[in-house]
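Participant: I need the structure of the sequence given here:
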Amino acid sequence: MELRLEHSNQPLTDAWSKHRVEPRGSTLLGISFRPLQAEALGLDGRAALQSLLAYPYGLIRLGAYWNRIEAEPGRFDATELDWQIDAAERAGKQIVLAVGAVKTFGYPEVFVPSHWLAQPLREGSLVQPGSHPALLLGAEQFIGRIVTRYRDRQSIVAWQLEHEAVDPLGVEHSWRLSRSFVERELQALRAADPSRPVMMNGFLPTSSVVRVSQWWRTRDQGDSIAVAGSLADIVGIDYYPRTALRSLGHRTLYLDGAEGRSARTTRTRVFGSIRGRGKRLMISEGQAEPWETTTVPPSPERRAPFSCPPERLIGNYNAAMGWSVKSDPLFAYLFWGAEYWLLRNQSGDPSYLRAFARVLERS
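Facilitator: Okay, the predicted model is just below:
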């Protein structure tokens, strides 16, 4: 039931315009902005952000990308991030700022400057403070400098530390940050700003295949959600209910197990553990763009990839609103894929943007 073989490109319909929208209550809605993804899609980054800031949501996640801010030894240039934060403030948005350092949201997820890493991290290894003291020093310094630079900005409501902090990077890399490495980074962050909450996120498996794989690969110290639950103030959930595995001719094999009994049991256990610790819960990435077999999601004319047509943008949001409880609603829900919506709109398909606007209007 979790595996589906489907045509990857489905006819584009107006189902999104008829889809019900669940009320959000006190949950903040927003997006993440990925400047590198905007560039990969051929968009102008600043124009893309300005366009997205015009929508009436409350929260945006921005990222401090270490190798772009500190491209060379002794150079620290946060001009572009300054501009993004200024633009978000002018638009009246609250901000979650991801400070890295090693991993930050958005492909390729690792953004370490070459001068802080003499050779690539060894596959299969656990990156420890003792094994990589120079990398840890650089990470602590970068985090401290970023937090100190922006801690007087009232628009910033939380810092994000690392991205899926102790998980391996999908199938591309098998090295992992150790819990002790992340704890040292957290100490540097809290020393620079003890007043704001820290968010850490992790990938929520929606199929038994991914769940078993994730457990096996992180069994020595727990996965990123477990570590976030013990270290962070806010636990972010990355939720992708339908993802492509492999293309087979004109069809694609998908994992689609989010509504199964096993997935529901996992959610209940994970969310209960987080809430039982008194931590706030948010959806840091709610799937709202396709997850196909390519890094850059395809954009076929008058068709939509099976993994996430525009109506799924609303459906995934609705599912998450069902996980809120009156005594402890979700802190926020951040839609993932806003740059892709702009590409579709530029290509003559405004349905993803309109589906997003429908959620904002009717929730």
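Participant: helix, strand, or coil at Leu137?
Facilitator: Following DSSP: H, G, I helix; E, B strand; the rest coil, Leu137 is assigned to helix.
Participant: list the contacts of it.
Facilitator: By CB atoms under 8 Å, 6 or more residues apart in numbering, no residues touch Leu137. To be clear about C-beta, it is placed using only N, CA and C from the backbone, and glycine gets the same treatment.
Participant: any idea of the pLDDT on it?
Facilitator: pLDDT recorded at Leu137 is 98.
Participant: list the buried residues of the strand ranked longest in the chain.
Facilitator: The residue-count maximum for a strand in the chain (DSSP state E) belongs to strand 280-287. Under the neighbour-count criterion of 16 or more other CB atoms under 10 Å, strand 280-287 has Arg280, Leu281, Met282, Ile283, Ser284, Glu285, Gly286, Gln287 buried.
Participant: and stretch 137-152, by the same measure?
Facilitator: Buried residues in stretch 137-152, counted by 16+ other CB under 10 Å: Gly138, Ala139, Glu140, Phe142, Ile143, Gly144, Arg145, Ile146, Val147, Arg149, Tyr150.
Participant: what's the model's confidence in stretch 246-264, averaged?
Facilitator: Here stretch 246-264 scores 91 as its mean pLDDT.
Participant: okay, buried residues for that stretch please.
Facilitator: Within stretch 246-264, the residues scored as buried using 16+ other CB under 10 Å are Thr252, Tyr254, Leu255, Asp256, Gly257, Ala258, Ala263.
Participant: the very next helix or strand once past the longest strand of the chain pairs with which strands?
Facilitator: Going down the chain from strand 280-287, the next helix or strand is strand 303-305, by DSSP states H and E. Strand 303-305 sits in its sheet next to strand 9-11 (antiparallel), going by DSSP bridges.
Participant: give the buried residues for stretch 322-335.
Facilitator: Result for stretch 322-335 [16+ other CB under 10 Å]: buried residues Trp323, Ser324, Pro329, Leu330, Phe331, Ala332, Tyr333, Leu334, Phe335.
Participant: show the pLDDT at the fifth one.
Facilitator: In this model, Phe331 is scored at 98, pLDDT.
Participant: quick check on it: phi, psi?
Facilitator: Phe331 has phi and psi values of phi -70, psi -40 when expressed as degrees, to the nearest 10.
Participant: I'd say it and Asp233 touch.
Facilitator: No - in this structure, Phe331 is not within contact of Asp233 by CB atoms under 8 Å, at 9.9 Å.
Participant: and the spatially most central residue of the chain, how far is that from Glu183?
Facilitator: For the chain, the residue nearest the mean C-alpha position is Glu285 (4.2 Å; CA atoms, centre = their mean). The gap separating Glu285 from Glu183 is 24 Å, by CB to CB, to the nearest Å.
Participant: what lies in contact with stretch 226-234?
Facilitator: Contacts to stretch 226-234, defined as CB under 8 Å, 6+ apart, come from residues 158, 161, 165-166, 179, 182-183, 186, 197-202, 221, 235-236, 273-274, 277, 279-282, 331.
Participant: can you select the buried ones among those residues for me in PyMOL?
Facilitator: A single PyMOL command suffices to select whichever of the contacts of stretch 226-234 are buried according to 16+ other CB under 10 Å:
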select buried, resi 158+161+165+166+179+182+186+198+199+200+201+202+235+236+274+279+280+281+282+331
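Participant: mind checking which of the contacts of stretch 226-234 land in helices?
Facilitator: Among the contacts of stretch 226-234, the ones falling in helices (DSSP state H) are Arg179, Val182, Glu183, Leu186, Ser273, Ile274.
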